[in-house]
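Enquirer: 3D, please:
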Amino acid sequence: MDVDRARGVLCGIACGDALGRPVEFMSASGIRTGHGRLDEMVGHGTWNQPAGTITDDTEQALCIARSLVERGEFDPADIAERFVAWYDSDPFDIGRMTMKSLSRLKHGGEWDEAGRHVWEHSPEGQNAGNGSVMRCAPLAVPYAADRERLVEVSRDSSRITHADPRCTYGCGILNLTVAGLLDDADAPLRDALDYVGTDAPAELVTALRPLARGDSLDDLETSGYVVHSLRTALHDGLSAESAEEAIVTAVNRGGDADTIGAIAGAVAGARFGASTLPDRWLDAVGEADELERIADRLVETA
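Expert: Purely as a prediction, here's the structure:
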């Protein structure tokens, strides 16, 4: 496995997350009129927030990556414990379903029960957020060569907080796509969709099939709904001419900009490698050195 591209997965998450934070939940037009210098601000690293400030996207991805390295395997109970410790650290941002699930875990819930309970008691429209898809890509590095196991660990990683099949299979599809990119597959998203087949929710597969075919899409949405976030981020990550273009395009869309930027960054990082990410971004992300070291360790265990 190409170490630079494995590093790109983790560093891409952090860059997309950090660049998206200042414009999170703004509209694209609002970003243009309110900030004016959007391409300058984001594309050249002069955004109006502490440089390189990551959010829950990268922080939870680091929980997963650190666990993989330190435990030597996927251990969902250990990851759940790390999530709870992070939750207790008073993080800058945390999603609603994640917060409810981690609160339940903190008070004695099992890793495979808390997310399911929250999902079962959440109404449609509040039960399939993007909070697990944004953090799952580190799993694609050590399990890239074992698709069956990759889907299993991806889905289980989601179930800790997000048990809706659209979320669990969203993680599986994303990670199969990232693994395909790391393996130089010609059509990684198509391969991912073919692999999960009819097991995955039809709504999710139907939304992603046109993208896998290379169709032109003009209805990309930027909400926190997992289907919207995954579709838009995969589009930008797979169609851009560079990792920088992918992340800037995703972030410029506004909406849930940090999460869509993080997912697009993971995909683009797997395509182009960490070495293609602008130095000004990596220098600003305080966790970049650790992310690269962890990626190296994950490659060793692949």
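Enquirer: for residue 274, which non-adjacent residue is spatially closest?
Expert: Distance criterion C-beta to C-beta, 6 or more residues apart in numbering; nearest residue to residue 274, sequence neighbours excluded, is residue 7 at 3.7 Å. Just so you know, the C-beta spots here come from the backbone N, C-alpha and C atoms, and that holds for glycine as well.
Enquirer: just checking, what packs against whatever helix or strand that neighbour lives in?
Expert: Using DSSP states H and E, the element containing residue 7 is helix 3-20. Helix 3-20 sits against helix 56-71, helix 165-182, helix 243-252, helix 257-272, helix 279-284, helix 288-301, with contacts defined as 3 or more C-beta pairs under 8 Å, 6 or more residues apart in numbering; DSSP states H and E.
Enquirer: can you check what angle separates it from helix 257-272?
Expert: 160 degrees (axes from the mean of the first three to the mean of the last three C-alpha atoms, to 10 degrees).
Enquirer: and the residue nearest to residue 291 when sequence neighbours are not counted, how many neighbours?
Expert: Excluding the flanking residues, the one nearest residue 291 by C-beta to C-beta, 6+ apart is residue 10, at 4.2 Å. The number of residues packed near residue 10 is 30, by other C-beta atoms under 10 Å.
Enquirer: same question for residue 105.
Expert: 22.
Enquirer: repeat that for residue 112.
Expert: Count around residue 112 with other C-beta under 10 Å applied: 14.
Enquirer: let me know the secondary structure of it.
Expert: Of the three states, residue 112 takes helix according to DSSP: H, G, I helix; E, B strand; the rest coil.
Enquirer: and the gap between it and residue 101?
Expert: For residue 112, the distance to residue 101 (C-beta to C-beta, to the nearest Å) stands at 11 Å.
Enquirer: ok, residue 61 next?
Expert: Taking C-beta to C-beta, one finds residue 61 at 17 Å from residue 101.
Enquirer: equivalent analysis for residue 125, please.
Expert: 17 Å.
Enquirer: neighbour count for these two, which is higher?
Expert: residue 101 (31 against 8).
Enquirer: the more buried one reaches residue 116, doesn't it?
Expert: No. Applying C-beta atoms under 8 Å as the test, residue 101 and residue 116 come out as separate, 9.0 Å apart.
Enquirer: can you list the low-confidence ranges for the stretch 1-150 of the chain?
Expert: The model of the stretch 1-150 of the chain has pLDDT under 70 over residues 24-52.
Enquirer: contacting residues for the nearest residue to residue 99 once chain neighbours are set aside?
Expert: Spatial nearest neighbour of residue 99, excluding adjacent residues (C-beta to C-beta, 6+ apart): residue 87 at 7.3 Å. By C-beta atoms under 8 Å, 6 or more residues apart in numbering, the contact set of residue 87 is 94, 98-99, 102-103, 106.
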